[in-house]
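S.K.: A predicted structure for the sequence below; I have some questions about it.
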Amino acid sequence: TLAQPRQHLAPSPPPTTWRPPVLHVQGAEQPIRLQALKVDVEVSAGVAETRVQMEFFNPNGRVLEGKLQFPLASGQIVSGFALDVDGELRDAVPVEKARAQQVFEDIVRRRVDPGLLQTTLGNNYELRVYPLAPGKTRTVVLRLVEPASTRLSLPLSYAKVVDRFEVSLRYASATESPQIISANPLGMAFERDPRGGFIARRWFDRAVLPDAPLIVRSAAASAIEITTEPRGGDTFFTLDLAVSQRSAPRQLPRHVQIVWDASGSAAGRQFDREFALLDAYFKRAGTIAVTLTRFADVAFADERFIVKNGDWTALRRALQAIVYDGASQLGAVRHDGVSQEAIWFSDGLANYGAHWRRTFAVPAYMVASSASGDPAALRAVAEASGGRSIDLTMLTLAQATDALLTRGIQLVDVSALGAKEIVVESRAATAGRLVIAGILTAGSADLTLRLRGSDGAVTTRKVRIEGERNVSRLAGLQWARLTLASLEGDARVNKA
């Protein structure tokens, strides 16, 4: 049914789009079962490292090969994985993709236990495990790193029921007890940890895993939080800096280009949330010219619309009529030559055709609404063009609207004396904070930050980093996460 004018969707807060790892096994008469699960989380230096240990049981009467497939959430990276070999967990080593595939096949032919973890497309990963012996178990360990400032979402629905389940949450440097603000069916409770900070842990036999994630809120960070970590001869640092949360409505253009992904992979997007965001945009814009650029394996001819007094019924109907099919050639999209900004709706999965240069001629607001995609590529385009990356799976409609329609503090540039390889999470402050990381080249470093306020004025702020103070074992991982995210923005160019 076509939507009528002014009858707008009002979606609820972002749904849980997390998908648990799934073990795919061909030729299995009975499904491989997740028998035991252990989840350990440590939060420090603005990041959370999650160690997920999964024990799979093969009830079948023959040897099988499994492929464990899972997407990562926005901002997550895989920091390591391990596989049990001869009863002992062995950590993996990084190898170039083509070489890793060859090594895996060679090891299989020699009937030795191999494991191969590789990206498939965007934020999707696949772990190949061999052998799954009849009547035996295999144990797989994944290590994931993600941002965690004051709010952490911990999904636990890896299966309906497991024979054994352990979970622990440790806030290593917290001075106040974190609070569980979601439903708490596991009865988790934080207590002081003798090693410092706070910890909550539980273990169960024959456990029914909760469907909804566990949401934990920790105390707001101080105005400046600096952590360091000596590792491998280097000293890494992270800076979590509070800035003004003052924002101002930004001036909207007279002409906007809407770039709409119509490929087959885009069919799983949350269109109700995307339409609600467009509704808020056009209400603010009032009367505005629109170029609609649809693309799949090719970019289709541009279509022109005029939105008057916020009424975008004709454009909405055109979007509702789209049939999603074909590959994704994001590199085929071009600026229309007249629009002053662009709003992209895509999962960012470029799997066909010309190389997609991670930039755009005008500020590009990159909107994602699906769990599977390439958020790093979308962020790269937004940062390079002066726009914003807006993840509807992580933000409420109000937060997404604010990101699209207002202007807050932005980092213009950062320079360092006594440090190198500086990386930033985003040039736009998130929840009033900027996150920066780097490597010290001296005992201390002086950072100079140039900040543009919501009024357009540029100010300078200086921060001193002292080495080997506020030591956290996760400071290096924070730097690695931000560095990897910047490289993954154009994985083809930055291929190892």
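M.R.: Great, that's in hand. Numbering: from 1, shown residues only.
S.K.: report the helix or strand with the lowest average pLDDT across this protein.
M.R.: helix 97-109 (a mean of 44; mean pLDDT, DSSP states H and E).
S.K.: from Leu89, how far out is Val41?
M.R.: 19 Å (C-beta to C-beta, to the nearest Å). Yep, even glycine has a C-beta here, placed from its N, CA and C like the rest.
S.K.: compare the two and say which is more crowded by neighbours.
M.R.: Between Val41 and Leu89, Val41 has the larger neighbour count (other C-beta atoms under 10 Å), namely 23 against 13.
S.K.: that one pairs with what?
M.R.: Thr50, Leu169 (DSSP bridges).
S.K.: okay, strands next: where are they in the stretch 1-150 of the chain?
M.R.: For the stretch 1-150 of the chain, the strands defined by DSSP state E, counting those that start in this stretch occupy 22-25, 33-44, 47-57, 64-71, 77-85, 88-91, 115-121, 124-132, 137-147.
S.K.: now swap in the stretch 251-400 of the chain and tell me
M.R.: 255-261, 288-295, 303-307, 341-345, 364-368, 389-391.
S.K.: for the stretch 101-250 of the chain, what are the low-confidence residue spans?
M.R.: Scanning the stretch 101-250 of the chain for pLDDT under 70 picks out 101-116, 120.
S.K.: quick one: the residue nearest to Gly27 when sequence neighbours are not counted from Gly443, how far?
M.R.: Closest residue to Gly27 apart from its sequence neighbours, by C-beta to C-beta, 6 or more residues apart in numbering: Leu64 at 6.4 Å. Separation of Leu64 from Gly443 (C-beta to C-beta) stands at 55 Å.
S.K.: the two - which one has more neighbours?
M.R.: Leu64 (19 against 11).
S.K.: residues contacting the most centrally placed residue in the chain?
M.R.: When C-alpha atoms, centre = their mean is applied to the chain, the residue found nearest the centroid is Ser74 (1.0 Å). Contact analysis of Ser74 by C-beta atoms under 8 Å, 6 or more residues apart in numbering lists 123, 368, 375, 391, 393-394.
S.K.: how about 6 Å then?
M.R.: 375, 391, 394 (C-beta atoms under 6 Å, 6 or more residues apart in numbering).
S.K.: mind listing the helices for the stretch 351-496 of the chain?
M.R.: For the stretch 351-496 of the chain, helices defined by DSSP state H, counting those that start in this stretch occupy the ranges 375-385, 397-405, 475-488.
S.K.: adding mean neighbour count, write those out as JSON lines.
M.R.: Formatted as JSON lines, these follow (neighbours: other C-beta atoms under 10 Å):
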{"stretch": "helix 375-385", "mean neighbour count": "24"}
{"stretch": "helix 397-405", "mean neighbour count": "18"}
{"stretch": "helix 475-488", "mean neighbour count": "22"}
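S.K.: okay, now Ser454: neighbour count?
M.R.: 17.
S.K.: quick check: it vs Thr406, distance?
M.R.: For Ser454, the distance to Thr406 - C-beta to C-beta - is 8 Å.
S.K.: please enumerate the shared neighbours of the two.
M.R.: Ser247.
S.K.: chain center to stretch 427-435: distance?
M.R.: Computed by C-alpha atoms, centre = their mean, to the nearest Å, the chain-centroid distance of stretch 427-435 equals 16 Å.
S.K.: no wait, stretch 206-226
M.R.: 16 Å.
S.K.: what about it, start to end distance?
M.R.: 42 Å (C-alpha to C-alpha, to the nearest Å).
S.K.: please identify the buried residues of that stretch?
M.R.: Across stretch 206-226, burial judged by 16 or more other C-beta atoms under 10 Å covers 207, 209-210, 213-214, 216, 218, 225-226.
S.K.: same thing with stretch 117-135?
M.R.: Quick answer for stretch 117-135 (16+ other C-beta under 10 Å): 117, 121-132.
S.K.: among the residues you listed, which two are most distant?
M.R.: Gly122 and Pro131 (29.4 Å; C-beta to C-beta).
S.K.: isn't Leu417 up against Asp446?
M.R.: Yes - taking contacts as C-beta atoms under 6 Å, Leu417 lies within contact range of Asp446: 4.7 Å.
S.K.: neighbour-wise, which of the two wins?
M.R.: Remark: of Leu417 and Asp446, Asp446 carries more neighbours, 14 against 11, as counted by other C-beta under 10 Å.
S.K.: ok, the more buried one to Ile409 distance?
M.R.: 21 Å.
S.K.: same check on Ile181?
M.R.: For Ile181, the distance to Ile409 - C-beta to C-beta - is 27 Å.
S.K.: returning to what we had before: which residue is the nearest non-sequential neighbour of the residue nearest to the centre of the chain?
M.R.: Pro375 (4.3 Å).
S.K.: ok, the one you found to Arg452 distance?
M.R.: In terms of C-beta to C-beta, Pro375 sits 24 Å off from Arg452.
S.K.: one more: Gln251?
M.R.: From Gln251 to Arg452 the distance is 15 Å (C-beta to C-beta).
S.K.: neighbour count winner among the two?
M.R.: Arg452 (16 against 7).
S.K.: before we move on, back to that, neighbour count for Ile181 and Ile409, which is higher?
M.R.: Neighbours per residue (other C-beta under 10 Å) separate Ile181 from Ile409, with Ile409 holding more: 20 against 11.
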